[in-house]
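Undergrad: with the sequence up front, the predicted model follows.
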Amino acid sequence: TSAFNGNNAEEPDRYVPGGAAECDYIVELLLDPIAGERAGPETLEYMREDAGGRWEEVAAVPYLDGRRSVWWARTGLVPGTRRGGELAWARYAAFARTPAS
């Protein structure tokens, strides 16, 4: 049995061998990069390089970007509500793979 780690640390041993090309669905957190960071998750690069299929976003939900949000605005967040410019939002997106034709 496996469990999430309490440090939110990357665990490469849990990755699928063969990467995106071996998956039918991928869920990825899409954050706007902060200066000095890469332009997006590595997974998106692997999806673009997947010659065996085409990836399409099929669902997305908002996700609070704590790195870009004012700390005091995060403390009183009520699910389902949004505030003005104090909160920054990213999104969790689900992608489905369509085999190449």
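TA: Yep, that arrived.

Undergrad: can I get the CA coordinates of the helix or strand bottoming out on mean pLDDT in the chain in CSV?
TA: Counting by mean pLDDT, DSSP states H and E, the chain has its least confident helix or strand at helix 71-75, which shows a mean of 76. Provided in CSV are the C-alpha atoms of helix 71-75 (Å, rounded to 0.1, in the frame of the first residue of the first chain):
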residue,chain,number,x,y,z
TRP,A,71,-1.1,35.4,2.9
TRP,A,72,-3.9,37.1,4.8
ALA,A,73,-6.4,36.5,2.0
ARG,A,74,-5.7,32.8,2.0
THR,A,75,-6.4,32.4,5.7
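
Undergrad: in whichever helix or strand comes after that helix, what counts as buried?
TA: Remark: after helix 71-75, the chain's next helix or strand is strand 89-99, criterion DSSP states H and E. Buried residues in strand 89-99, counted by 16 or more other CB atoms under 10 Å: A90, A93, F95, R97. In short, each C-beta sits where N, CA and C put it, glycine included.
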